[in-house]
Each structure stands twice: as C-alpha cells, then as structure tokens.
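Visitor: Sequence and predicted model, in that order:
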Amino acid sequence: MRFLLVILRAALQHAVREDELPRTVARNVELSMGTKREIEPLTAKEGRQLLAVARDNRLWAAYELAVRIGLRRGELLGLHRSDVDLHEGVLTVRQALQRVGGELLIVAPKTQRSARRVALPFECVTALRAQRAQRIADRKAAGANWKGTGHGLVFTTKNGTPIEPRNLNRSFEVLCVRAGIRKVRFHDLRHTCASLLHEQGADARMIMEILGRSSIRVTMDIYTFVRLDSQRSAFDRVGDALRGDGHEPDDDDGAAGVPVAV
C-alpha cells in the first residue's frame, strides 16, 4: 500500500507540473504504520536450552553461529569453507544462499555492510570443527552419490547439496519443541544475539558491525529489546536509591547540622 501511494503521489505531482491539475491532495494522505510484529528474543536461559539440545543436531554449528554472532539464514547456508578460518578464529561473510526465481542461488550479501569479518567465539569454533568432521563422514557415506564437489559450502545435506532455506526453518521449529522453549522465528535468533550483546554491555557500534547493519539507530531500534526482567531490575535499583542507604537524612530529620527540636 505504501509503495502504491508513492507511485500515485509521483504521478499526480507530475500532472500538477504539467498544469493538468491545480494541486495534488495525495500529498496530505498519511498511511497508518500498521501493527508492528512484537519482537521478543530468547532469554539467555532459553538460548542455553536451545544450544544444549542442538548439539545432537547436524546443524548444531549453524545454531551456534545464529545465536552467538547473529548470522542471517542466507548467510549461514551460503557460508563457504574458505571463509572460515578456525586457526585464527575468524569468519568472513561474502555471500548468501537464497531461493530466487524458483532456484537456489549464491548471491551477494544483503548490503555493502553485510560483507564483514567477525571474530568467532570458542563455542563456534568447536561446533564448526564438529561440522567439518561430519561433512567428511557424510562424503564417505554417500560415496558415488556425493554431489558437493564445487559447492564448497559449510552446511549441506547428507549428499553435499545446498540446504533448502525452508528446511532450516522446519528443523528449527522441531528444535524449539525439543528444547521446551517458546516458538520463535529463526530470524529471531539474530535479535537474540543483539539483545544479549546489548545486555552484556556491548556498545551500539560493535553490535552494528557484528550484525552487518548500516545504521546504529536502526540497529538499536530493531535488534535490541529491553526485557521485562531488565526493567524490573532497573526499577529495583531506583527503589533502592529512593529508599536511601541510611547515610542521607530524610526530610523529617531536619537539615544537616541543624538540631531537631523535641
């Protein structure tokens, strides 16, 4: 709807410039922002539960990367083995896997900022080493049916072919049930990463660079979330300050240094 309004405004404004209309009333039309989807990332506890159960999943490393460094689904599935340096502990995002026009294609990152280098936490390195061992076992088991030659992808099917993005979503839904956590979107793991970084004191620029966003403001608006328990903790600290710690006199005690009449 918003796109159609932009086109209509442009057409009517052109008519005004050509003296075909005296003015355009479309400029005064304001669209409702609509109902924003409520974003509630996983808590640290839920994240631990998810990753604990994911250790038995063949995509364990993908979940580690999604939760800990906030990679997008396409970035994960399009990750090339040459872009993962386990010795230095660095991952480079150069491409993504997307379904375009009915076929799976390797495409450029979403934006210029999306192409980035990210330090790998120890847990991600461990999971990626396990992923590499699994790939070797898959290739051996597949034998002549192995189709992964030339793809070079970190995450593949048992036969070495690219993973259908929707299948990752289905795997994630099953994993949430097994972990006993709320059902959220796979993309919400990216929100989880940002929120946990924010809660642990990471500044906005660092979060922006890790996630590959182009704007600090947009990063903080979209990817961070102040949880209710964090709000309660803040209110408790305010309450402590208002109650005082015994060093400051109450109003009824009189001004400092002035005796109180009895």
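Guide: In hand now; what should we look at?
Visitor: ok, now which ones touch the residue nearest to the spatial centre of the chain?
Guide: When Cα atoms, centre = their mean is applied to the chain, the residue found nearest the centroid is Arg190 (1.5 Å). Counting by Cβ atoms under 8 Å, 6 or more residues apart in numbering, Arg190 makes contact with Ala66, Gly70, Leu71, Arg72, Leu211, Tyr223. Where you see a C-beta, it was placed from the backbone N, CA and C, and this is true even at glycine.
Visitor: remind me which residues of the protein are low pLDDT?
Guide: 1-38, 150, 218-231, 245-262 (pLDDT under 70).
Visitor: quick one, strands of the protein?
Guide: Taking DSSP state E, the strands of the chain run over residues 84-85, 90-93, 96-100, 103-107, 116-119.
Visitor: The first one packs against which elements?
Guide: The reference is to strand 84-85. For strand 84-85, the packing partners by 3 or more Cβ pairs under 8 Å, 6 or more residues apart in numbering; DSSP states H and E come out as strand 90-93.
Visitor: Name the residues that touch the strand it packs on?
Guide: 65, 69, 71, 75, 79, 83-85, 109, 114-120, 124, 212.
Visitor: Just the buried residues from those, in PyMOL please.
Guide: With 16 or more other Cβ atoms under 10 Å as the burial test, the buried ones among those are selected in PyMOL as follows:
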select buried, resi 65+69+71+75+79+83+84+109+114+115+116+118+120+124+212
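Visitor: would you turn the strands of the chain into a markdown table with distance to Arg55?
Guide: Listed next are these as a markdown table, based on distance: least, Cβ to Cβ, whole Å:
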| stretch | distance to Arg55 |
| --- | --- |
| strand 84-85 | 19 |
| strand 90-93 | 20 |
| strand 96-100 | 24 |
| strand 103-107 | 27 |
| strand 116-119 | 22 |
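Visitor: And the ones you listed: which comes nearest Phe172?
Guide: Phe172 lies closest, by Cβ to Cβ, to one member of those: strand 96-100, at 15.8 Å.
Visitor: Run the angle between the closest one and strand 103-107 for me.
Guide: 140 degrees (axes from the mean of the first three to the mean of the last three Cα atoms, to 10 degrees).
Visitor: Okay, now the sheet partners of strand 96-100, with direction.
Guide: strand 103-107 (antiparallel) (DSSP bridges).
Visitor: burial of the nearest residue to Ala142 once chain neighbours are set aside, as a residue count?
Guide: Spatial nearest neighbour of Ala142, chain neighbours left out: Asn159 (5.3 Å); criterion: Cβ to Cβ, 6 or more residues apart in numbering. Asn159 has 13 neighbours, counted by other Cβ atoms under 10 Å.
Visitor: Could you do Ser82 as well?
Guide: Ser82, neighbours per other Cβ under 10 Å, totals 10.
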